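The sequence isn't on hand, but the structure is:
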């Protein structure tokens with residue numbers, strides 16, 4: 001039987017080595033691919049092999065080939081302490097079939113860490129998927145073996161959405177880095193994988209992430225915006241930005257990413273960039289409620305720091321179950337020099353949720369919130385008869401504090417047990433005939 005070139009073998013292909021390789025480093029193999037039995041020449045260093053048994057011609061060894069070529073999987077053995085996060089685009093521009101190829105890409109890269117310690121004493125791995133909103137599908141602390149992580153990658157589900165890469169980067173900066181989720185003594189790495197242009201700005205959140213000591217790899221596929229990838233990737237750009245013309249090329253790209261990622265994960269952590277002394281924006285704070293009445297509440301707070309241009313008060317009424325009522329939402333805008341406001345035209349005996357925010361030239365400050373309840377409608381006091389006539393009575397009373405629209409007076413009628421109503425202006429007098 002004549003020898004067949006390796007390129008003619010279909011993956012995966014099992015080769016059975018029937019004789020030990022001579023000194024030249026080559027061995028003769030019998031290939032079982034489908035129904036046909038063919039032979040091929042393979043090099044001694046083709047792949048790791050497993051002993052199957054003995055035969056007259058020598059030991060039988062099993063060799064696996066992929067795509068008819070030699071397969072030698074790279075592994076990373078130098079990484080010691082690292083937090084690695086894969087930020088994966090799952091938007092509509094990716095599609096479910098291409099999402100499966102991205103999962104295989106991530107799986108291949110993660111598998112290269114099979115020879116290092118995984119968990120709190122070594123390398124921790126996370127996958128965050130994002131469309132309109134980011135979601136942590138694999139957290140850094142979820143698994144302690146590489147096998148568990150790989151199974152979880154296989155189980156990732158596609159949801160779709162719009163590619164809001166800027167929002168996803170901000171999520172990592174705020175909830176993973178600033179919140180202390182990443183370890184101080186670990187190399188911190190983010191691998192962004194996207195197949196399109198972001199629907200929101202990426203410049204500022206990417207810069208924030210890098211300033212906090214995170215090394216960012218930007219992997220773009222097909223319709224990804226290369227200028228956008230350059231803004232996201234760490235310096236030097238040529239080392240941290242990678243691009244594939246099509247999803248089918250991710251297999252080739254994985255080797256390059258794995259090698260560079262291993263190198264970065266093996267280095268000491270990057271220091272956070274020292275920021276210039278900028279006044280920290282705080283407040284408003286110490287929000288309190290006073291001067292409670294049936295129709296108004298006064299809010300007071302300690303002013304916010306920084307160049308405040310105005311304050312914005314948002315108020316929502318709450319149901320008995322504590323739910324926000326969409327039909328009763330209001331907004332009040334105040335000058336920057338105010339630190340107190342009387343909120344009027346409220347409903348009696350109603351619970352409200354107040355939010356006070358400082359407004360700056362280009363951003364809203366952190367909100368301060370509080371709940372408060374208006375009082376019940378007060379009753380009049382000192383209700384009395386001040387003048388008696390033959391056919392009439394004049395009554396008077398002391399009005400309650402607060403803004404009044406008027407009074408409702410109930411008068412007896414000639415029918416026993418029944419009354420009639422009269423509405424009076426707030427300064428009116430009533431004569432009862």
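In hand now; what should we look at? All values reported here derive from a predicted model rather than from experimental measurement.

now do the same end-to-end measure for stretch 144-159.
Terminal residues of stretch 144-159 lie 27 Å apart, using CA to CA, to the nearest Å.

Apologies, that question was intended for stretch 331-345.
13 Å.

Let me see the mean pLDDT of it.
Mean pLDDT, stretch 331-345: 92.

outside of that stretch, which residues touch it?
If you take CB atoms under 8 Å, 6 or more residues apart in numbering as the criterion, stretch 331-345 is touched by 284, 291, 295-303, 308-315, 354, 403. The C-beta positions use only the backbone N, C-alpha and C, and glycine is treated the same way.

Quick check, residue 256 in contact with residue 240.
No: if you go by CB atoms under 8 Å, residue 256 and residue 240 don't touch, sitting 11.3 Å apart.

So for stretch 298-315, mean pLDDT?
Per-residue pLDDT over stretch 298-315 has a mean of 92.

I should have written stretch 78-91 there, sorry.
Mean predicted confidence for stretch 78-91 is 94.

Would you mark the buried spots in it?
Neighbour counts over stretch 78-91 (16 or more other CB atoms under 10 Å) mark 79, 81, 82, 83, 84, 85, 86, 87, 88, 89, 90, 91 as buried.

Please apply the same query to stretch 259-273.
260, 261, 262, 264, 265, 266, 269, 270.

out of the residues you listed, which one sits closest to residue 207?
residue 270 (14.2 Å; CB to CB).

any idea how far residue 133 is from that closest one?
Distance, residue 270 to residue 133, by CB to CB, to the nearest Å: 28 Å.

give me the low-pLDDT residue ranges for the stretch 151-300 of the chain?
Residues of the stretch 151-300 of the chain that meet the criterion pLDDT under 70 lie in 178-179, 274-280.

can you map out the strands along it?
Assigned by DSSP state E, counting those that start in this stretch, the strands in the stretch 151-300 of the chain fall at 187-194, 214-221, 241-244, 285-290, 297-302.

rewinding a little: tell me the buried residues within the contacts of stretch 331-345.
284, 295-301, 303, 308, 311-313, 315, 354.

Residue 364 and residue 357 touch, don't they?
Yes: taking contacts as CB under 8 Å, residue 364 lies within contact range of residue 357: 5.1 Å.

Give me the more crowded residue out of those two.
residue 357 (20 against 10; other CB atoms under 10 Å).

Hmm, that one is touching residue 312, no?
Yes: with contact defined as CB under 8 Å, residue 357 counts as touching residue 312 (4.9 Å).

shared neighbours, these two?
Counting by CB under 8 Å, 6+ apart, the residues touching both residue 357 and residue 312 are residue 364.

Next, count neighbours for residue 383.
10.

Pull the contacting residues for it.
395, 396, 397.

Tell me where the chain has helices.
Secondary structure of the chain by DSSP state H: the helices cover 96-111, 146-154, 165-171, 203-211, 226-232, 237-240, 250-265.

Among those, single out whichever gets nearest to residue 124.
That would be helix 146-154 among the helices of the chain, by CB to CB, at 9.4 Å.

what's the offset of the closest one from the middle of its chain?
21 Å (CA atoms, centre = their mean, to the nearest Å).

cool, and stretch 368-386?
46 Å.

got it, and stretch 165-175?
6 Å.

go on, stretch 223-243?
That offset, for stretch 223-243, works out to 22 Å (CA atoms, centre = their mean).

give me the number of residues near residue 324?
So residue 324, with other CB under 10 Å, has 12 neighbours.

wait, residue 151
That count, for residue 151 with other CB under 10 Å as the rule, works out to 12.

Ok, the one 4 residues further on next?
As a burial measure, residue 155 scores 10 neighbours (other CB under 10 Å).

For residue 216, see how far away it is.
Residue 155 is 26 Å from residue 216, by CB to CB.

Farthest-apart pair in the buried residues of stretch 78-91, please.
81 and 91 (32.8 Å).

Which one's more surrounded, residue 256 and residue 240?
Per other CB under 10 Å, whichever of residue 256 and residue 240 has more neighbours is residue 240, with 23 against 11.

So the more buried one is in contact with residue 214, correct?
No: judged on CB under 8 Å, residue 240 makes no contact with residue 214 at a distance of 11.3 Å.

Quick check: buried residues in stretch 216-226?
So, applying 16+ other CB under 10 Å, buried residues of stretch 216-226: 216, 217, 218, 219, 220, 221, 222, 224, 225.

picking that back up, may I see the buried residues of stretch 259-273 organised as a markdown table, with distance to residue 190 added?
Putting these into a markdown table (distance: CB to CB, whole Å) gives the following:
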| residue | distance to residue 190 |
| --- | --- |
| 260 | 13 |
| 261 | 11 |
| 262 | 15 |
| 264 | 11 |
| 265 | 12 |
| 266 | 17 |
| 269 | 13 |
| 270 | 12 |
